[in-house]
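Student: Got a sequence here, can you model it:
(one chain, ligands or ions: 1)
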Amino acid sequence: MQNPCDIISEFGSQVNESFDLFEKTRRETGFTICKVLDDSKLSTTSTCVGEKCFLTEKPCYDHKEVFGTFHTHPYGIFRPSPIDIKTALTFRMPFFCIGTERNSKRNVKCFSINTEHPNFEITRHKILTAEGEELERLSEIAKKNFIKEFECKLETT
Ligand SMILES: [Zn+2]
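Tutor: Alright, predicted model coming up:
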């Protein structure tokens, strides 16, 4: 898979819109990138405010699949939460990106997921129903085995 930073940079204005909303509300903001099946065309959902709001409703309409997400984290923390990992694996997302702010500087990191890894399906199957410590443990396994981190150089305002 290509560097996910290249993909998210195509949606730089929406990344900035998410940051703007985040500054205003101090809540998680984000959007979902959708892919038309058997096509390379990408589209996005609208930017929304609230915990994983961009995924709670059917995020991508007919004939589209979830290709990736962008969401903001408070306190300048990039670390994907166990819920972030669970969500990404559930949708078999090839990548997701997290934005943080420190000293009013906006930063983005992306995480690619190797869904072809031999342990992907079994880990996904286990994580679907996992909670608490078991979810923590499985998300660490997923990160170690098939999730790769990329620091993005984005033109953010
Ligand atoms: Zn998160």
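Student: Could you grab the helix/strand/coil label for E65?
Tutor: Here E65 is recorded as strand under DSSP: H, G, I helix; E, B strand; the rest coil.
Student: what does F96 give?
Tutor: strand.
Student: Kindly state the beta-bridge partners for it.
Tutor: Counting by DSSP bridges, F96 is bridged to T69, F111.
Student: Quick check, it in contact with V108.
Tutor: No - using CB atoms under 8 Å, F96 makes no contact with V108, being 11.0 Å away. Using the backbone N, CA and C atoms, a C-beta is placed for each residue, glycine as well.
Student: who's more crowded, those two?
Tutor: Taking neighbours as other CB atoms under 10 Å, F96 and V108 compare with F96 leading, 28 against 25.
Student: so who does the spatially most central residue of the chain touch?
Tutor: For the chain, the residue nearest the mean C-alpha position is F96 (2.6 Å; CA atoms, centre = their mean). Contacts of F96 were listed using CB atoms under 8 Å, 6 or more residues apart in numbering, and they are 4, 68-71, 80, 84, 87-88, 110-111, 113.
Student: Report the entries of those that also contact the ion.
Tutor: Near the ion, taking CB under 5 Å from the ion as the test, the members of the contacts of F96 found are D84.
Student: between the contacts of F96, which is nearest the ion?
Tutor: The ion lies nearest to D84 out of those, by CB to the ion, at 4.1 Å.
Student: And for the closest one, the neighbour number?
Tutor: D84: 18 surrounding residues under other CB under 10 Å.
Student: Alright, calling it a day.
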